Structures are given as structure tokens and as C-alpha cells.
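**Student:** Sequence and predicted structure are below.
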Amino acid sequence: MQPGSPVLYSIGTPSDSDEMVCLLGDAFALYDPPAVAAGLTPPEFENFVRLLCPHTEHQGLTIVARSAETGEMMGALLTEDAASELPPGLESLSAKFAPIFDVLGQLDTEYRSGRTASPGESLHLFLLGVARKFAGQGIAQQLAAECIENGIRKGYRMAVTEATNKTSQHVFRKLGFSERVKRSYLDHRFQGQAFFTSIGDQGGPILMDRFLARLS
Ligand SMILES: CC(C)(COP(=O)(O)OP(=O)(O)OC[C@H]1O[C@@H](n2cnc3c(N)ncnc32)[C@H](O)[C@@H]1OP(=O)(O)O)[C@@H](O)C(=O)NCCC(=O)NCCS
């Protein structure tokens, strides 16, 4: 398949789940800096995505990208209503997730500062991944743009995401997201231990948000 060949973007359905689990499991475990630093394997990350799929698929907020020529899944942006509860079963995941959930949880706690979002108000752009062989073709940016358009059509007024690395931060900034809360990978400690010093060059995770109006 040639770079630049046509891509179809659609709202994810239950029939997309198996491929999405594999794609996001690989993309994150192999290329997302905190997942790599924590030593998560693709099957371990897949278990997390598998918990999220049934939890989110009925909301119609996830976007998938497929090759128009072959139908192969190229990328996905697993999205939920920000007012959703966490899915059951997180305690069964690998303990390697704990420092990641800790640092991202700090961002969310500070951002929400006691407020709770109402259903239908805010999109949570949760897991954005593009298969490595399709990287650098603008697919992540288009997934996020489609997600925003879909959210606007459904009446959402806000979008929020935790961007864990410089590439995703660039993508979301380009789409009009602003930085709200940051942490430093070098400074973070979980149970007295530093897990992320090897990825200090990535700065740290940033919670970003934007009001939803159509992209120009
Ligand atoms: C992050 C990810 C989704 C990007 O997918 P992609 O389809 O390659 O992204 P795009 O082609 O749409 O855009 C990438 C942009 O980042 C830029 N970029 C690449 N590396 C960068 C870096 N180290 N620092 C800053 N920007 C960078 C590219 O130049 C491009 O921007 P441009 O269009 O202005 O030139 C993909 O790399 C991935 O799946 N990574 C693993 C999972 C992950 O990290 N997900 C995000 C967690 S929040």
C-alpha cells in the first residue's frame, strides 16, 4: 500500500473491537513512552483495551481508520464520554500499569478539582494509536478531527485528553487543544520509586482540552 492511499474514517462498532485491541495494544506497548518505560507487553496492554471496548462501544464516540483499498485497520481513537465510570476489572490488569494510572490520575484529579462532568458534555479522547507502518501520514490528526466533528454532531461542548508524549502533544496542539495540567516524568515517584527517568526527554504527560466548535 502506498503512503497517501485513501483512508476511510468511521465510528467504531463492536465488530471493530478485536482489530482495535491488537492495534492499540501494539501501538502503546511498543511506542508510547510511559508504556515502554513501564515494560508493558502488547498482550498486557491488549487486556486494558479489551476492558474498555464493551464499556465505550455503545457510546458511538470512537473513530477507526481503515484502508479504502484493503479494509485493514490503520489507526483508532478510542473515545468515551468523560462522565463514564471506569470499567470493572482494572484490578486484574498487570501491576505495571500502576505508575501510569498514578501519573495520569494526578492530571485528572487536578483538572477536575472536585467537579464531575455531566453525561453528554465532554469527550474523553482516551487511546489514540496508529499502526507503525502507517505513521507520519496525518492519520492521527484526522482521527482526532473526525472525533471532534462527531462529538459536535452529538452535542458535546468540550474535549479532553491526556497526551503522554511529544508527538501526541503536537497533534493535539495543532488541533486547537490547550495545556491545562502537566507532570514531569523525571520528578514523578510512585511508592517512592522513579519509573519514568528513561523517558525524561519526553517532558511529561499533559492534560489538554478544547471547546468544541467546528475545525476551520
Ligand atoms: C502518536 C501517534 C498516534 C501519531 O500517529 P501518526 O498518524 O503518525 O500522527 P500524524 O501523522 O497525524 O501526526 C504526527 C505529527 O507529529 C509530528 N511529530 C513526530 N514526531 C514528533 C516529535 N518527536 N515531537 C513533536 N512532533 C512530532 C509530525 O511531524 C506530525 O506533525 P506535522 O503534521 O505537523 O508534521 C502514533 O505515533 C502512535 O500510535 N504512537 C503510539 C501510541 C501513542 O503514543 N499514542 C498517543 C498517546 S497520548
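**Tutor:** Nice, I can see it.

**Student:** In the chain, mark out all the strands, start to finish.
**Tutor:** When secondary structure is read from DSSP state E, the chain shows strands at 7-11, 63-67, 73-81, 122-130, 158-163, 178-182, 206-211.

**Student:** and residue 28, which of these is closest to it?
**Tutor:** Closest of the strands of the chain to residue 28 is strand 122-130, at 6.1 Å (criterion: C-beta to C-beta). In short, each C-beta sits where N, CA and C put it, glycine included.

**Student:** now that closest one against strand 73-81, angle please.
**Tutor:** Here strand 122-130 runs at 160 degrees with respect to strand 73-81, directions being taken by axes from the mean of the first three to the mean of the last three C-alpha atoms, to 10 degrees.

**Student:** Name every strand pairing with strand 122-130 and say which way it goes.
**Tutor:** According to DSSP bridges, strand 122-130 has the following sheet partners: strand 73-81 (antiparallel), strand 158-163 (parallel).

**Student:** can you list the residues of the protein near the ligand?
**Tutor:** Where proximity means C-beta under 6 Å from any ligand atom, the interface of the chain facing the ligand comprises 27-28, 31-32, 128-130, 135-141, 163-168, 170-171, 174.

**Student:** Show me the shaky parts of this structure.
**Tutor:** Scanning the chain with the threshold set as pLDDT under 70 gives 1-4, 214-216.

**Student:** now the helices: where do they sit in this structure?
**Tutor:** In the chain, the helices defined using DSSP state H lie at 17-31, 33-38, 42-56, 98-112, 139-153, 166-174.

**Student:** May I see those helices arranged in JSON lines, with mean neighbour count as well?
**Tutor:** Output for the helices of the chain, formatted as JSON lines (neighbours: other C-beta atoms under 10 Å):
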{"stretch": "helix 17-31", "mean neighbour count": "21"}
{"stretch": "helix 33-38", "mean neighbour count": "21"}
{"stretch": "helix 42-56", "mean neighbour count": "20"}
{"stretch": "helix 98-112", "mean neighbour count": "16"}
{"stretch": "helix 139-153", "mean neighbour count": "20"}
{"stretch": "helix 166-174", "mean neighbour count": "18"}
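
**Student:** Nearest to residue 71 among those helices would be which one?
**Tutor:** With C-beta to C-beta as the criterion, residue 71 lies closest to helix 17-31 of the helices of the chain, at 9.8 Å.

**Student:** How about residues contacting that closest one?
**Tutor:** Applying C-beta atoms under 8 Å, 6 or more residues apart in numbering, the external contacts of helix 17-31 come out as 12, 35-36, 40-46, 49-50, 53-54, 57, 62, 64, 73, 75-76, 78, 127, 129-132.

**Student:** and the direction of it versus that of strand 73-81, what angle?
**Tutor:** Taking the same axes, to 10 degrees, one finds helix 17-31 and strand 73-81 inclined to each other by 100 degrees.

**Student:** Just the C-alphas of helix 17-31, formatted as PDB.
**Tutor:** The C-alpha atoms that make up helix 17-31 are tabulated as PDB, following Å, rounded to 0.1, in the frame of the first residue of the first chain:
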ATOM      1  CA  SER A  17     -13.100  -4.400  18.700                       C
ATOM      2  CA  ASP A  18     -10.800  -7.300  18.000                       C
ATOM      3  CA  GLU A  19      -8.600  -5.500  15.500                       C
ATOM      4  CA  MET A  20      -8.600  -2.300  17.600                       C
ATOM      5  CA  VAL A  21      -7.500  -4.300  20.700                       C
ATOM      6  CA  CYS A  22      -4.500  -5.600  18.700                       C
ATOM      7  CA  LEU A  23      -3.700  -2.300  17.000                       C
ATOM      8  CA  LEU A  24      -3.800  -0.300  20.200                       C
ATOM      9  CA  GLY A  25      -2.100  -3.000  22.200                       C
ATOM     10  CA  ASP A  26       0.900  -2.900  19.900                       C
ATOM     11  CA  ALA A  27       1.000   0.800  19.300                       C
ATOM     12  CA  PHE A  28       1.100   1.600  23.000                       C
ATOM     13  CA  ALA A  29       3.200  -1.200  24.300                       C
ATOM     14  CA  LEU A  30       5.800  -0.700  21.600                       C
ATOM     15  CA  TYR A  31       5.800   3.100  21.100                       C
END
